[in-house]
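Engineer: My questions concern the predicted model and sequence given below.
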Amino acid sequence: MKYCLLSRGDELSDRLTEKFRELAALRGITEDEEEPDIVVTIGGDGTLLQAFHKFLHRLEEVSFVGVHTGHLGFFADWKANELDLLVSNMAEHAENRHALTVRYPVVEIVLKSRGGETVWHALNEFTVKGNNTMLVAELHINDELFEMFRGDGICVAAPMGSTAYNKSLGGAIIHPNLESIQVSEIASINNRVYRTLGSSLVLPRHHHCDIIPRAGQKLLLSRDHLLEEAEDIESIACRVADKKVGFIRYRPFPFWTRVREAFIQNDGS
């Protein structure tokens, strides 16, 4: 069993990182930053997103597990006072870790420009916005024009990201087992020229959407926490990726329980 650790970098997370290393060494678990079996993040959802992009090239080989040092997130299952239990589970289930790993879909984004194609992946969401101006773009679904969009931008979320930015845009919460992507408008304008549906669209695995921005637009493109500027994008194709992200579950934590605790349940309830 080999593991890699990523810390959020605050005092508590760094202290827990050192404690984890000590506990892992006692159980014969080896640290390997290049080719781990399990990637352990200590911090929050943002820390796990960083880990996802760091190990994107090994997504089919690694499993992720998160320890949260703040509020309960959607990626981090374990609390700061449960390191002993987590390390014990890792040691005891080293041989059957694949059986304990659940795999969820992510978004694939193909950016086409004059310079060629670039492929991105996102665990939460991909967004395209106008840079200091409104976004004007055609939205195609399965190679047919669906609508003309004018507004702040468009968000394309994976099921795991349906509770993030997508939710704040009025999108639906999707169970992460469903192989789909969700397309949500960001502050769209509707008038006689530009008409949009005004609702989020959920597309299954075998469907895709293409965002074709007006030529010459300066764009802000983000995949999860990573942000880039561009002005030569000709089209953006989004679909459910062939690869999936794996989370190792040493104990059950139902998704709808997580949703309730994150958005509904008060501390005193």
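Structural biologist: Yes, it's here. Residues are numbered from 1 along each chain as shown.
Engineer: Only C-alpha atoms from now on, for both contacts and neighbour counts.
Structural biologist: Fine.
Engineer: who touches the closest residue to Met160 other than its chain neighbours in this structure?
Structural biologist: Nearest residue to Met160, sequence neighbours excluded (Cα to Cα, 6 or more residues apart in numbering): Pro176, at 5.2 Å. Going by Cα atoms under 8 Å, 6 or more residues apart in numbering, Pro176 touches 104-105, 158-160.
Engineer: Let me have the residues you listed in CSV, extended by secondary structure, pLDDT and neighbour count.
Structural biologist: CSV is the format used below for these (DSSP: H, G, I helix; E, B strand; the rest coil; pLDDT from 0 to 100; neighbours: other Cα atoms under 10 Å):
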residue, secondary structure, pLDDT, neighbour count
Tyr104, strand, 97, 19
Pro105, strand, 98, 24
Ala158, coil, 98, 33
Pro159, helix, 98, 29
Met160, helix, 96, 25
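Engineer: And the residue nearest the centre of this structure?
Structural biologist: Leu123 (2.0 Å; Cα atoms, centre = their mean).
Engineer: Now do that residue, the pLDDT please.
Structural biologist: pLDDT recorded at Leu123 is 98.
Engineer: Nearest residue to it in space, ignoring adjacent ones along the chain?
Structural biologist: Leaving aside its sequence neighbours, Leu123 sits nearest to Val106 (Cα to Cα, 6+ apart; 5.1 Å).
Engineer: ok, the nearest residue to Ala230 once chain neighbours are set aside - contacts?
Structural biologist: In space, and not counting its chain neighbours, Ala230 is closest to Leu219: 5.2 Å by Cα to Cα, 6+ apart. Contact analysis of Leu219 by Cα under 8 Å, 6+ apart lists 128-131, 135, 229-231.
Engineer: The same query, at a cut-off of 6 Å, please.
Structural biologist: Neighbour list for Leu219: 129-131, 229-231 [criterion: Cα atoms under 6 Å, 6 or more residues apart in numbering].
Engineer: And for Thr41?
Structural biologist: 5-7, 48, 66.
Engineer: Tell me the bridge partners for it.
Structural biologist: The partner list for Thr41 in beta bridges (DSSP bridges) reads Leu6, Gly66.
Engineer: gap between it and Leu227?
Structural biologist: Per Cα to Cα, to the nearest Å, Thr41 is found 22 Å from Leu227.
Engineer: May I see the buried residues of the helix or strand harbouring Ala262?
Structural biologist: Ala262 belongs to helix 255-263 when assigned by DSSP states H and E. Judged by neighbour count (16 or more other Cα atoms under 10 Å), helix 255-263 contains these buried residues: Arg258.
Engineer: ok, now stretch 83-103?
Structural biologist: By neighbour count on 16+ other Cα under 10 Å, the buried set for stretch 83-103 is 83, 86-87, 90-91, 97-98, 101-103.
Engineer: Cys209: what secondary structure?
Structural biologist: When classified by DSSP: H, G, I helix; E, B strand; the rest coil, Cys209 comes out as strand.
Engineer: quick one: the closest residue in space to it that isn't next to it in sequence from Leu227, how far?
Structural biologist: The shortest distance from Cys209 to any non-neighbouring residue, by Cα to Cα, 6+ apart, is to Ile141 (4.4 Å). According to Cα to Cα, Ile141 and Leu227 sit 25 Å apart.
Engineer: Same check on His175?
Structural biologist: Distance of His175 to Leu227, given as Cα to Cα: 26 Å.
Engineer: Neighbour count: those two, which is higher?
Structural biologist: Each of His175 and Leu227 has its neighbours counted (other Cα atoms under 10 Å); His175 has more, 17 against 12.
Engineer: ranges for the helices of the protein?
Structural biologist: 11-26, 45-54, 83-92, 165-168, 255-263 (DSSP state H).
Engineer: now the third one against helix 11-26, angle please.
Structural biologist: Taking axes from the mean of the first three to the mean of the last three Cα atoms, to 10 degrees, one finds that helix 83-92 is oriented at 40 degrees with respect to helix 11-26.
Engineer: for helix 83-92, packing partners?
Structural biologist: In terms of contacts (3 or more Cα pairs under 6 Å, 6 or more residues apart in numbering; DSSP states H and E), helix 83-92 is not packed against any helix or strand.
Engineer: And the pLDDT at His71?
Structural biologist: 71.
Engineer: Could you report the neighbour count for the closest residue in space to Arg223 that isn't next to it in sequence?
Structural biologist: Of all residues not flanking Arg223 in the chain, Phe126 sits nearest, at 4.5 Å (Cα to Cα, 6+ apart). Phe126: 28 surrounding residues under other Cα under 10 Å.
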